[in-house]
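Chemist: requesting a structural model of the entry that follows:
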Amino acid sequence: MLRSKIIAAALGLAALSAATFAIAAPSPSPLDPGPLAVMAMPAPPVLRYRARDGALLAYRVFTPRPDPVQPAPQQASVVAILLHGSGGSSLNMTALGEALAAAGVPTFAPDVRGQGLSGRRGDIDYIGQQDDDLAALVAVVRQTYPNARLVLVGHSAGGGFVLRVAGEAEGRLFSRFVLLSPVLGRLAPTNRPDAGWARPNVPLIVLLAGLNQIGVTAFNGARVVSFNVAPGAQTLGVTGGWSYRMMSNYGPRGQTQLFGRPGYWTDAQRAPAPIAVIAGAGDEQFYADRYATAFAGLPVSVTLAPGVSHMGVVSDPRALPLVVEAVRAGAGG
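Modeler: Numbering: from 1, shown residues only. Model (predicted):
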């Protein structure tokens, strides 16, 4: 009797929360002309690193060319790790990776587990596994760059995930966090309803959220979000949807929270290093001019790139210098 009441209460709370639920991944289709052109750019070869569970996960390295004026790569003062958005892969970060390498910043861009060439698409084994994967990648970076400061950069859902990391113990691994048009959740003033990229199965999300509140996680592998990609897009490395545990991990914290400060704000407050937000003023997925409001009261810098779209913030020539500058600022702490 008591258990049934607990379940009913949990599901009731989840139902209320669903009204404010933000899918941690809105972004335009990777098959739009701009992103598709970026994905088709020549990119470094795929490498593999071993995660804590033994899985071999994909990543690419953008290495600065030898320059007599610049220090050797092993002596680089700052190294960037780039985290792509929902549905995509490290290929979406090619233009930004090349721009950073050209500026003398070695750059690592993984295919986040559950997307691209890492693991089974659309799913992970447990909530928190992508945090463990990131720590394993940092260990790989440290083999070549043991003394460089690390800057964690995330785009869209990846930006929300960077905020999550900033609020955890792993945040101390980084000297700066750069969020590119980040997902903050439906409670954030930046949310633009019905952006059209993600199609959630709300009843299933409500059910699983309630079950998780009472410790039942056996059904977290069920797909709860589908992405609006063209038929056959998966052949280009695009992921068509996410499981509940994937959705719950790769994005900002506390998206179903009803009271108090939203999770993204709390994590930003806890961050052990500076946070910079860069977004396109022409972002069609979020209200970019409201990022400053979203982070009011926090030491978070916000910069808007005029005329730049949501995906353009990682490829548009008007945005790339802003991102490079923000990353290089991480060399100073």
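Chemist: pretty sure residue 181 sits against residue 315.
Modeler: No: using C-beta atoms under 8 Å, residue 181 is not in contact with residue 315; the gap is 12.0 Å. In this view, the C-beta of every residue, glycine as well, is placed from N, C-alpha and C.
Chemist: ok, those two, which is more surrounded?
Modeler: residue 181 (31 against 23; other C-beta atoms under 10 Å).
Chemist: show me what the nearest residue to residue 308 once chain neighbours are set aside bridges to in the sheet.
Modeler: Spatial nearest neighbour of residue 308, chain neighbours left out: residue 280 (3.0 Å); criterion: C-beta to C-beta, 6 or more residues apart in numbering. Beta bridges link residue 280 to residue 305, judged by DSSP bridges.
Chemist: what about the residue lying closest to residue 293 once chain neighbours are set aside, how many residues nearby?
Modeler: Closest residue to residue 293 apart from its sequence neighbours, by C-beta to C-beta, 6+ apart: residue 189 at 5.0 Å. Using other C-beta under 10 Å, the number of residues around residue 189 comes to 14.
Chemist: again, but for residue 37
Modeler: 12.
Chemist: for residue 272, see how far away the closest residue to residue 150 other than its chain neighbours is.
Modeler: Spatial nearest neighbour of residue 150, chain neighbours left out: residue 174 (4.9 Å); criterion: C-beta to C-beta, 6+ apart. In this view, residue 174 and residue 272 are 8 Å apart by C-beta to C-beta, to the nearest Å.
Chemist: so those two - more neighbours on which side?
Modeler: Between residue 174 and residue 272, counted using other C-beta under 10 Å, residue 174 has the larger neighbour count: 24 against 13.
Chemist: I'd say the more buried one and residue 275 touch.
Modeler: No: using C-beta under 8 Å, residue 174 makes no contact with residue 275, being 10.3 Å away.
Chemist: give me the below-cutoff pLDDT ranges for the chain.
Modeler: 1-34, 36, 67-74, 230-235, 254-260, 333 (pLDDT under 70).
Chemist: and the strands in it?
Modeler: 47-50, 56-62, 78-83, 107-110, 149-155, 176-180, 198-200, 223-227, 241-243, 275-280, 300-305 (DSSP state E).
Chemist: sheet partners, orientation included, of the fourth one?
Modeler: Put plainly, it is strand 107-110. In the sheet, strand 107-110 lines up against strand 56-62 (antiparallel), strand 78-83 (parallel) (DSSP bridges).
Chemist: mutual contacts of residue 174 and residue 272, please.
Modeler: residue 166 (C-beta atoms under 8 Å, 6 or more residues apart in numbering).
Chemist: could you give the number of residues near the residue nearest to residue 308?
Modeler: Applying other C-beta under 10 Å, I find that residue 280 has 25 neighbouring residues.
Chemist: just the residues contacting stretch 96-105, thanks.
Modeler: 41, 43-44, 60, 62-65, 67, 70, 76, 78-80, 82, 90, 107, 109, 153, 314-315, 320-321, 323-324, 327-328.
Chemist: quick one, which of the residues you listed are buried?
Modeler: 43-44, 60, 62, 64, 76, 78-80, 82, 90, 107, 109, 153, 314-315, 320, 323-324, 327-328 (16 or more other C-beta atoms under 10 Å).
Chemist: what sits in contact with each of residue 174 and residue 275?
Modeler: Common neighbours of residue 174 and residue 275 (C-beta under 8 Å, 6+ apart) are residue 166.
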